[in-house]
Each structure stands twice: as C-alpha cells, then as structure tokens.
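Engineer: return a 3D structure for these sequence lines:
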Amino acid sequence: MLTAEKNERLTRVGPGTPMGTLLRRYWWPIAPSAMVGLQPVTRRLLGEDLVLFRDGEGRLGLLAEQCPHRRASLSLGCIEREGLRCGYHGWMFDTTGQCIEQPGEPVESEFKDRIRTTAYRVQELGGLVFAYLGPDTSEQPAPLLPRYDLFVWDDVWRDIGHAVVPCNFLQIMENSVDPHHVEWLHGRYGSFLKELAGEQEFEVLRKKHVKVAFEVFEHGILKRRMLEGQTEEDEDWKTGHPLVFPGMLRIGGGGLSFFQIRVPIDDENTWHVWYQTYRPEGGQVPPQAEIPVYEVPLKDGNGDWIRDYVDGQDVTAWVTQGRIADRTQEHLGTSDLGVMVLRRLFQEQMDLVEDGLDPICTYRDPARNVCIDLPQEKEKFGGGQAFRREFLPHGQTRYSPIVDEVAGLFGDPTLVELAAR
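Structural biologist: Just a heads-up that it's a prediction; the model follows:
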C-alpha cells in the first residue's frame, strides 16, 4: 500500500504538481486530426481547458480557452485566415497566442501588441493531433514529437477509437503491467459472461501464466510472460511488448499492432485512445483513403458498464476502483511486481525533472526519431491467428466501422464470420 501523500504525488496531474510537471515534458494526443475542422474544438489536457483550431492557412493552434479580454470561451469564435477571432468582441489571436486585432480599439492603438494568451505547440502525426504543454524556451526547448512506428508506417490500415474514462490515468497504466489479470478478468470472467450468454468460452485468453518479468529499458517497461506449455524461446517471453512511458501500451500479434494511449484530462478523467494498425504478414494492403475515427461506448442503454468484450472488462475494473484509487487500502502481492516497478519508475522520473534533467523517452536527435521501432510479439499467446480470431471480434475493435473489411484483409473465412456477428 501507499501513504496518502505518495498517492497524491502519483495521481495529481495539474499545473505545478510533481506528476503534472513530469507529464508536461511529453507530447500527448489531444484530438484526432479529423476532429479539427471549420470550428474551434474545446479540449482539456492535464487539468487545463484549451481550444484547438486550424486557421485559414491550415496552421494548427492550441490556446487557453478563455479569452484574455473578458474571459469568454474562445470556442465561441470564428476561424479566419490569420487566426481565431473571439465571438464576443472580435479580438483575434494567431497560433502563437498573440493578439493581432482589437476591433473596438482606436486604429492607432498599440494595446493589442501587449496582449497574448497562453499558446502551446501542436503537431499532427498518424491521424492524431499532439500537444506539448511543457517548457519551450531557447534555454529549454521542447523535445521532438516521438515518431513511434505505428504512427509512421506507410503500408497499413488504421482506425482510431476513443472514449472518456472517468478515472485517473495511473490506475489504467497499472493495468498495463498486470499480466495476471488477462487470464482472470478476460479469460475466466470473460468466459463466465460468455457461458451465461450461451456462447463459446475464450481459449487463448484463459492460458495460465507460469512466470512474468518486467525490464526497465529505453522505451519504458518491457513486459515478458511465459504461459503454460511455453518455454523462454517463445515470443511472449523472448520478445515481449512494452509499456511506453509515460502513457501508452503497445500490444498485438498476428498482423494486429495497437497502441492504447491514456491521456490525462485531469485528476479524475482520462481520454483513452485505441490506435490500431492492420498489416497481414506478407500481404499487400490497398491504400486507405482516410483513417476512420469512432467512439467506443462504455455503458449500455440501462447505464451499466458494458462488460461482454475485453476492453469493456478493463474499463469496468478501472472505474470501479474509484475516480482516484485509494492505494492506502490496497494489499499488493508478488503478482503485482509490475505495478511496483511502474510506480518506482514514475517516482524516479519525477525526481529527474525536479533536478532539471530530461526524463526517459525524451527525443532531441532527429536522426534517432525517423521511425522508433518497438518490440512486439507476432505469435501472441503462442498463436497469431488464434489471437487475431479472439481479439478482433472481442476487443473494442468490434465497434470499428471497418472491422468487416479488416477481417477480409487477412483472408481468413473464420475471422470474417466472427467479425460479422
């Protein structure tokens, strides 16, 4: 268990907090590119209310939501060629936050030159808009936006699912270093729900864990598992897959490669992004005209958490811990080693930032940032095809608008049939 003070240090993400200061050293997805159109979009990140827009020249801007004039929301604004014009009195701001027009002031006035609002860096990559809320000066420049492999591959199909999960991001990240939950939450409990529905139980997800390991490495934490019937030569142990620090999980197998990105909205809410890529082994993928974006439903018509699929089971486990899990009341065992490793890593990185140093996963050399390849198993859980058949129809991908077409990419009639149900 943790003390209340340590729990606060690990979970509070607002400006000026130790965790908030650390997380501001990273680029975070703030919206799908497709969301940024003809109107400004309100977003909340790390406890800050912001407005995202694309001006008439196509330049992205991210400003504090409230206009510095009379504090009206800049979401009540007009997008023009040079920037965003507040709908209340017409003050206009460019993407740097500089006020460039004040219609109600005298023509000769220099008042506008003294007015700026908070503005943050934004960049697009792989169909997402990323924001950086940290230090950005000549003495302490912003790091590069990491070009992780799934964001830059050019021979895949993609789709992007998302949902707002009403809990702190840390309890979601802790789930990513808890392999034992797979065989119980998804394997046993998931099969229990399927039994009740008269459906076939899971096979792959029920495999028993013989041993697990966690290695802190350049990208975060590398997770390894050995399942019953496997040896250390199997990919689940030999290759593994990473928790990419500070807020992303890489998973997949059998031609599926996914990022789960946990974006801290504030202390009690997380924007969860499921970023999927599909690439059949040795196959040709037709060009994709656009990246579909879809919302993943979390509750059914009765207001109950949806639990009949893998990610819905995860979400239910996360949110039922409370908005911020009370870790003073927990009792960790040896199976929780990964959780302990992750908490220690966060503490160490907060200390580094407090000492004025760059935390792990900071990129400043463009030559190292062309395409950052991450490890991932191909024969996940000992069988790529079996994993694909179980996960594609029973993960959040079942809500993807292209799930049927994706199933067809793999030339597997059984998968097509499962995806169509």
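Engineer: ok, L74 - how many residues close by?
Structural biologist: The tally of other residues near L74 (other C-beta atoms under 10 Å) stands at 26. For the C-beta atoms, the positions are set from N, CA and C on the backbone; glycine is no exception.
Engineer: distance of C67 from W91?
Structural biologist: 6 Å (C-beta to C-beta, to the nearest Å).
Engineer: I meant to write I172 there.
Structural biologist: The separation that I172 has from W91, given C-beta to C-beta, amounts to 39 Å.
Engineer: who's more crowded, those two?
Structural biologist: Set I172 next to W91 and count neighbours by other C-beta under 10 Å: W91 wins out with 27 against 23.
Engineer: so what's that one up against?
Structural biologist: When contacts are counted by C-beta atoms under 8 Å, 6 or more residues apart in numbering, W91 is found next to 67, 69, 85, 99, 101-103, 112, 115.
Engineer: also L256?
Structural biologist: Under the criterion of C-beta under 8 Å, 6+ apart, the contact list for L256 reads 276-278, 387-388, 391-392.
Engineer: try it again with 10 Å
Structural biologist: The neighbourhood of L256, defined by C-beta atoms under 10 Å, 6 or more residues apart in numbering, consists of 276-280, 376, 380, 384, 387-388, 391-392, 395, 397, 406, 410.
Engineer: can you check T320 too?
Structural biologist: T320 makes contact with 167, 305 under the criterion C-beta under 10 Å, 6+ apart.
Engineer: likewise M340?
Structural biologist: Contacts of M340 (C-beta under 10 Å, 6+ apart): 174, 177, 214, 332, 334.
Engineer: narrow those residues to those that are buried.
Structural biologist: 174, 177, 214 (16 or more other C-beta atoms under 10 Å).
Engineer: which other residues reach the strand or helix carrying the last one?
Structural biologist: Here F214, judged by DSSP states H and E, is contained in strand 209-217. Under the criterion C-beta under 10 Å, 6+ apart, residues 177-184, 221-232, 236-237, 240, 242-243, 245, 335, 337-342, 344-345, 348, 360, 375 lie in contact with strand 209-217.
Engineer: how about the contacts made by V273?
Structural biologist: 28-29, 31-32, 128, 160-163, 247-248, 259-263, 293, 296.
Engineer: repeat for M173
Structural biologist: If you count contacts by C-beta under 10 Å, 6+ apart, then M173 has 220-221, 243, 245-249, 260, 262, 264, 270, 318, 339, 342-343, 346 around it.
Engineer: just P141 next, same as before
Structural biologist: Applying C-beta under 10 Å, 6+ apart, the residues contacting P141 are 135, 364.
Engineer: how close does it sit to F259?
Structural biologist: For P141, the distance to F259 under the criterion C-beta to C-beta works out to 26 Å.
Engineer: name the nearest residue to Q288, sequence neighbours excluded.
Structural biologist: Of all residues beyond its chain neighbours, the one nearest Q288 is W157 (5.0 Å), with distances taken as C-beta to C-beta, 6 or more residues apart in numbering.
Engineer: and the one you found, how many neighbours?
Structural biologist: Neighbourhood size, W157 [other C-beta under 10 Å]: 19.
Engineer: right, and it touches Q284 too?
Structural biologist: No - under the criterion of C-beta atoms under 10 Å, W157 lies out of contact with Q284, with a separation of 11.6 Å.
Engineer: what's the overlap in contacts for these two?
Structural biologist: What both W157 and Q284 touch, as defined by C-beta under 10 Å, 6+ apart, is the set L409.
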